[in-house]
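1. My questions concern the predicted model and sequence given below.
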Amino acid sequence: MTHSPDIAAPAPEAIEEASFLRDTLRAFRKNRMAMVGLIFVTVLVLAAAFAPWISPHDPYRVALDEQLLPSSTTYWLGTDNFGRDVLTRILYGARVSLVVGIVPSLISLSIGTVLGILSGYLGGKTDFAIMRLADMMIAFPSLLLAMVVMYTLGANLLNIFLALALVGWASVARVVRSQTLALREKEFIEAARANGTKRGVIMFRHIFPNVIPTLIVLFSLSIPEAIMWESSLSFLGVGVQPPGASWGLLVAKGKEYMFQAPAVAIAPGIAILLTVLAFNFIGDGLRDALDPSMKD
């Protein structure tokens with residue numbers, strides 16, 4: 001008689017983690033506005049990724065004999081003052097907005113997380129130095145600081161990343177620090193210290209995983225903020241430069257023709273509004289799904 005090999009039972013931690021993920025996804029799906037936001041962002045990402053195949057027009061082609069044309073079957077949202085298709089420019093501008101929303105958010109999240117954990121766990125002079133630096137960054141007007149960086153280093157996409165990351169890390173650090181202060185008094189952290197576990201291991205193997213849910217929410221909410229900052233910088237002339245396609249730049253250039261061709265300025269403005277709302281809905285849904293007090 002043959003015996004089937006023993007199958008190891010899943011670890012309790014794996015079962016608990018799978019259950020948490022399943023409950024979180026279920027709670028997120030129940031939030032209708034969050035699902036609407038997720039669908040909109042998914043469609044936007046696909047439209048931006050496949051823009052060359054979706055639109056038959058060149059976003060940089062100048063046709064002065066087709067300036068400020070109204071909406072038609074050829075140009076759904078009309079053309080701008082250089083005869084370029086407005087819808088095509090918006091689709092290509094979505095690429096800039098999404099990249100600028102995600103990359104600086106990741107950078108500021110990484111910097112803020114590391115400094116927040118160090119500040120909260122080490123305390124003392126380290127905590128004082130990091131928090132005073134964060135206070136200075138928060139007290140300084142964010143848009144003005146970003147403009148100073150752009151004027152100093154030059155208006156290009158890489159410097160936009162740097163400027164937005166610089167103004168965004170401080171608020172992340174404060175949130176992560178507050179969570180670290182609460183976690184370092186927990187029994188499992190006390191047990192790790194009693195066992196002689198190194199501080200670096202405690203901070204980034206025991207504390208860091210417990211702040212990930214908060215970081216997910218912060219990341220989803222920082223993306224629309226970064227999109228707004230980039231649009232503001234481009235609108236003021238220190239962000240993406242012509243002939244680049246940026247929603248803020250499109251609004252800035254189109255405002256001169258509001259009465260002749262309102263879609264040139266209004267359409268990219270609506271794109272900014274809907275994208276920011278969609279990401280905020282997703283962030284709110286994630287916050288509610290990851291917060292145990294919000295679950296049934």
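-> That came through fine.

2. Could you list every helix and strand in contact with the helix or strand Gln179 falls within?
-> Secondary structure assigned from DSSP states H and E places Gln179 in helix 157-183. Applying 3 or more Cβ pairs under 8 Å, 6 or more residues apart in numbering; DSSP states H and E, we find helix 157-183 packed against helix 86-122, helix 124-139, helix 142-153, helix 208-235. Any C-beta I mention is one placed from the backbone N, CA and C, and that applies to glycine too.

3. Reformat these into TSV and put mean pLDDT and distance to Pro242 next to each item.
-> Output for the helices and strands packed on helix 157-183, formatted as TSV (pLDDT from 0 to 100; distance: least, Cβ to Cβ, whole Å):
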stretch	mean pLDDT	distance to Pro242
helix 86-122	94	11
helix 124-139	93	31
helix 142-153	86	15
helix 208-235	91	10
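
4. and these as a markdown table, adding distance to Leu250 and mean neighbour count?
-> Putting the helices and strands packed on helix 157-183 into a markdown table (distance: least, Cβ to Cβ, whole Å; neighbours: other Cβ atoms under 10 Å) gives the following:
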| stretch | distance to Leu250 | mean neighbour count |
| --- | --- | --- |
| helix 86-122 | 6 | 22 |
| helix 124-139 | 30 | 14 |
| helix 142-153 | 18 | 16 |
| helix 208-235 | 8 | 21 |
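
5. Among these, which comes closest to Phe188?
-> helix 208-235 (9.3 Å; Cβ to Cβ).

6. ok so, going back, the helix holding Gln179: which residues count as buried?
-> Burial within helix 157-183, assessed by neighbour count using 16 or more other Cβ atoms under 10 Å, is assigned to 157, 159-177, 179-180, 183.

7. As a markdown table, the helices and strands packed on helix 157-183 with distance to Asn280 would be great.
-> Putting the helices and strands packed on helix 157-183 into a markdown table (distance: least, Cβ to Cβ, whole Å) gives the following:
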| stretch | distance to Asn280 |
| --- | --- |
| helix 86-122 | 12 |
| helix 124-139 | 21 |
| helix 142-153 | 18 |
| helix 208-235 | 6 |
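
8. thought Ile207 was touching Ile117?
-> Yes. Counting by Cβ atoms under 8 Å, Ile117 is a contact partner of Ile207 at 5.9 Å.

9. what sits in contact with each of these two?
-> Between them, Ile207 and Ile117 share these contacting residues under Cβ atoms under 8 Å, 6 or more residues apart in numbering: Thr180.

10. show me what contacts Val100?
-> So Val100 contacts 157, 160-161, 164, 226-227, 230 (Cβ under 8 Å, 6+ apart).

11. likewise Leu133?
-> Leu133 touches Ala170, counting by Cβ under 8 Å, 6+ apart.

12. before we move on, the earlier item: minimum distance to Asp58: which of the helices and strands packed on helix 157-183 has it?
-> Across these, closest to Asp58 is helix 86-122 (Cβ to Cβ), at 7.5 Å.

13. what is the orientation angle of the closest one with helix 208-235?
-> Using axes from the mean of the first three to the mean of the last three Cα atoms, to 10 degrees, one finds that helix 86-122 and helix 208-235 are set 140 degrees apart in direction.

14. what separates helix 86-122 from the chain centre, distance-wise?
-> 5 Å (Cα atoms, centre = their mean, to the nearest Å).

15. same deal with stretch 104-123?
-> Distance, centroid of stretch 104-123 to centroid of chain: 16 Å (Cα atoms, centre = their mean).

16. Can I get that stretch in CSV, CA atoms only?
-> Taking C-alpha atoms only, stretch 104-123 is exported to CSV below (Å, rounded to 0.1, in the frame of the first residue of the first chain):
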residue,chain,number,x,y,z
PRO,A,104,8.3,61.9,-8.2
SER,A,105,5.7,60.2,-5.9
LEU,A,106,7.9,57.1,-5.7
ILE,A,107,11.0,59.2,-5.0
SER,A,108,9.4,61.3,-2.3
LEU,A,109,7.8,58.2,-0.8
SER,A,110,11.1,56.4,-0.6
ILE,A,111,13.0,59.3,0.9
GLY,A,112,10.1,60.1,3.4
THR,A,113,9.8,56.5,4.4
VAL,A,114,13.5,56.0,5.2
LEU,A,115,13.8,59.3,7.1
GLY,A,116,10.5,58.8,8.9
ILE,A,117,11.5,55.3,10.2
LEU,A,118,15.0,56.6,11.2
SER,A,119,13.5,59.6,13.0
GLY,A,120,10.8,57.6,14.8
TYR,A,121,12.9,54.7,15.9
LEU,A,122,16.2,56.3,16.7
GLY,A,123,14.8,59.4,18.3
